[in-house]
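> Take a look and give me a structure for this.
(2 chains)
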Amino acid sequence: MSKKLIELKKISKSFGNDLVIDELDLYIRENEFVTLLGPSGCGKTTLLRIIGGFETPDEGSVFFDGEDITKMPPNKRQVNTVFQKYSLFSHMTVAQNIAFGLRVKKKSNEEIQKKIEYALDLVNLPGFENRMPDSLSGGQQQRIAIARAIVNEPKVLLLDEPLGALDLKLRQEMQYELIRLKNELGITFIYVTHDQEEALTMSDTIVVMNQGYIQQIGTPEDIYNEPTNAFVADFIGESNIIDGIMLSDRLVRIGGQDFECVDEGFAPNEPVDVVIRPEDVELGPPENGQTTGTVTSIIFKGVHYEIQVASAIGINFMVQTTLNFPVGSFVGIRVIPDNFQIMHKPQSEDEEILDANAQTGAAHEP
Amino acid sequence: MNRKKIQILSIPYLIWIIGFTLIPLVFVVSKALVTPDDRLTADNLTAIFDSVHRKALITSLEVAFISSLICILISYPAALIIRSFRIKNRKAMIFVMILPMWMNFILRILAIQMLLSKNGIINHLLSILGLGQIEIINTTFAIILGTVYDYLPYMLLPVLNCVLAIPDDIVEASKDLGANRYTVLTRILLPLSLSGIGSGITMVFVPSMTEFVIANILGGGKILLLGNIIEQEFSVTMNWNLGSGLSVALMIFVLVSTLLFGRDSGADRGYVI
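Numbers count the residues shown, from 1 in each chain, chains lettered A, B, ... in the order given. I've put the predicted structure just below:
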């Protein structure tokens, strides 16, 4: 593993009476693509601004390469930011925008010229030197903003929902561009987004945040397949979250019926949250099912159908499948043991608050 | 709204501009181009280069230029300070700064006269302190002081408008790229404020070029601005032709200097005030 480049220790920050981040610890390794993911108001942007130097934490410290930079102003930090609103200097040409940081550092004209060309090539906009920002499309402006940041050869590039204002197609293109850039430049990316798909596509590590707390840190696969709690499961992709009782190791009771699963280590008869991804629910002939149900709605989503099934055990399943089951069909429902994710119900008061907050946090999502 | 309705909406202003701008302008220009016995001449226009007129023109220029400059030097830092305030505190500050505008401007000038005059408040205070008297009234300085006092809000408002419109994230972006305060000011804030400063100059420089009331009250008739001379031609000497000629010449002069100054003024970006 590469070394820790940024370390946040016990960071707290409030605005007025609003506690945005509470005693947060996090480290970020060199050359990692880290995504801070969470609903609006979860503190992810504030955390990014603390790393960039635009906010000072009320408590706690920020370390960069072992050095305490908590009080260092942004212009002295070895990080550069790509802002949500692009924030290009409207009174300067594209070349002057890109050159800004280099001129501040008093680089030679020759070097600046070279770097402008290099950066424009890197973001696929060669020949745009003399254009004014106003004359560019949103996607082009964002590329220039990225070029303007990376010519300074920062050790860390901070990106604050940089693709938020772009349309879907362009956003997907830019996601690939960013992955390519990260690999070519070999620098650390810290990326803030509320878009779980964006996070899953690009990240090496995802930090799921809610209400100022970190909910889970892991690879995209970890986060998706092994969410630690119902909030993460719900936020990352769609899920069936069902109340269950863990009868014994590898056996869970849902709606009066017992199902085999692979989870162990729960107390006997412990109430749990059972998470089942919609694509993991299999539909077939009634005789093949562990239980049965009736299709109540079906929506075509392109790659798959999204089907609601009212099951005999009293639970409504959301199912994603490429097969077509008309409304009213009587079907069998199957989930293989591997696809049950069993989670502890929130126990302590703290966890309960987190969980309650998780609900309201998710509701704020636009 | 269709075209016809829009045309109807323009009627009140059309009446106004024809009655109070166009017709008087035609009248003044036609007077300017003839002698009192109605022979065509350019003498009234070129009269501005006569030594007395030239001197008054230069004093006018001096007053207008220095006043505009002082207004900028006061307004711009003030605008930066207000920018740094939270939004709810900004309103109170702006209110205080434009409060003098609520008073009639001649009243304001008379108040300044009271302050500055030989037996005025300032001299009174100085003599109490045993510092003797100073002569401020009836100097160019007094006129400049009055002009700044009267016109400061007209500089402050457009400058403030412009400075407050600069997004925070632009400033943050420049700091992020390594700019210190000085660089942020010179490379980001000032260039993005030029349109506001431009319209401020138009609104201070132009009217103070043609000023005569302030000069009458605070100059005591000892310092002549071109405005004073024009006024005298109309009301004392009754040479309306010469007065019109000087007016037109001054108008041309102002027009040229605004074009030079204000090519990038805010008017085209919607910053009228």
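
> and residue A:228, what does it touch?
Taking C-beta atoms under 8 Å, 6 or more residues apart in numbering or on different chains, we find residue A:228 in contact with A:215-216, A:343. Quick note: C-beta positions are derived from backbone N, CA and C, even for glycine.

> Most neighbours among the residues you listed, which one is it?
Neighbours were tallied for each of the contacts of residue A:228 (criterion: other C-beta atoms under 10 Å in any protein chain shown), and the maximum of 23 neighbours falls on residue A:215.

> returning to what we had before: any chance of the contacts of residue A:228 in CSV with pLDDT as columns?
Conversion of these to CSV gives the following (pLDDT from 0 to 100):
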residue, pLDDT
A:215, 92
A:216, 93
A:343, 87
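
> is it possible to export the residues you listed to JSON lines including secondary structure?
Putting the contacts of residue A:228 into JSON lines (DSSP: H, G, I helix; E, B strand; the rest coil) gives the following:
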{"residue": "A:215", "secondary structure": "strand"}
{"residue": "A:216", "secondary structure": "strand"}
{"residue": "A:343", "secondary structure": "strand"}
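
> how is the chain carved up into domains?
Just going to use chain A. Following automatic domain parsing, chain A resolves into domains at A:4-225, A:238-364.

> Switch to chain B, please.
Per the record's domain assignment (automatic domain parsing), chain B is made up of the domains B:1-32, B:45-269.

> Residue B:177: what's its closest spatial neighbour, skipping adjacent residues?
Nearest in space to residue B:177, with sequence neighbours left out and distances taken as C-beta to C-beta, 6 or more residues apart in numbering or on different chains, is residue A:101 at 3.6 Å.

> what's the neighbour count on the one you found?
Taking other C-beta under 10 Å as the criterion, the count of residues near residue A:101 is 26.

> rewinding a little: what is the nearest of the contacts of residue A:228 to chain B?
When these are compared for distance to chain B, the smallest value, 28.2 Å, is given by residue A:215; criterion: C-beta to the nearest C-beta.

> So the residue nearest to the closest one when sequence neighbours are not counted, which state does it fall into?
Distances taken as C-beta to C-beta, 6+ apart place residue A:208 nearest to residue A:215, at 4.4 Å, with adjacent residues excluded. Using three-state DSSP as the criterion, the local structure at residue A:208 reads strand.

> show me the contacts for the residue in chain B that chain A sits nearest to.
Each residue of chain B has a distance to chain A, by C-beta to the nearest C-beta, and the smallest belongs to residue B:177, at 3.6 Å. With contacts defined as C-beta under 8 Å, 6+ apart, residue B:177 is in contact with A:75, A:80, A:100-101, A:104, A:148-149, A:152.

> Taking those residues together, which two end up most distant?
Pairwise distances among those were taken by C-beta to C-beta; the largest, 14.6 Å, belongs to A:75 and A:148.

> out of these two, which sits in the busier spot?
Neighbour totals were compared for residue A:75 and residue A:148, and residue A:148 leads with 29 against 18 (other C-beta under 10 Å).

> pLDDT wise, what is residue 214 at?
You didn't say which chain, so I picked chain A. Predicted confidence (pLDDT) at residue A:214: the value is 92.

> right idea, wrong chain: chain B
According to the model, residue B:214 carries a pLDDT of 93.

> Now do the buried residues in the host helix or strand of it.
Element membership of residue B:214, judged by DSSP states H and E, is helix B:213-219. Of all the residues in helix B:213-219, those buried under the rule 16 or more other C-beta atoms under 10 Å in any protein chain shown are B:214-219.

> Which residues of chain A lie near chain B?
Where proximity means C-beta under 8 Å from any C-beta of the partner chain, the interface of chain A facing chain B comprises A:52-54, A:73-76, A:79-81, A:83-85, A:87-91, A:100-101, A:104-105, A:148-149, A:152.

> Put the buried members of those into a PyMOL selection.
For anyone working in PyMOL, the buried entries among the residues of chain A next to chain B, judged by 16+ other C-beta under 10 Å, can be selected with:
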select buried, chain A and resi 52+53+54+74+75+79+80+81+83+84+85+87+88+89+91+100+101+104+148+149+152
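
> So which of the residues of chain A next to chain B sit within helices?
Secondary-structure check on the residues of chain A next to chain B using DSSP state H: residues within helices are A:52, A:100-101, A:104, A:148-149.

> May I see those arranged in TSV, with pLDDT as well?
Output for these, formatted as TSV (pLDDT from 0 to 100):
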residue	pLDDT
A:52	95
A:100	97
A:101	96
A:104	95
A:148	95
A:149	94
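
> what about residue B:125, how many neighbours?
Burial measure for residue B:125: 11 neighbouring residues, criterion other C-beta under 10 Å.

> Tell me the secondary structure at it.
Under the three-state scheme (three-state DSSP), the conformation of residue B:125 reads as helix.

> Could you measure from it over to residue B:116?
Computed with C-beta to C-beta, to the nearest Å, the distance linking residue B:125 and residue B:116 is 12 Å.

> just residue A:325 next, same as before
For residue A:325, the distance to residue B:116 under the criterion C-beta to C-beta works out to 93 Å.

> Whether the biggest helix by length in chain B contacts chain A - can you check?
In chain B, taking DSSP H as the definition, the longest helix is helix B:51-84. No - with C-beta under 8 Å from any C-beta as the measure, helix B:51-84 is seen stopping short of chain A, the closest distance being 14.8 Å.

> following that helix, which helix or strand shows up next?
Taking DSSP H and E as the definition, the helix or strand that follows helix B:51-84 towards the C-terminus is helix B:87-98.
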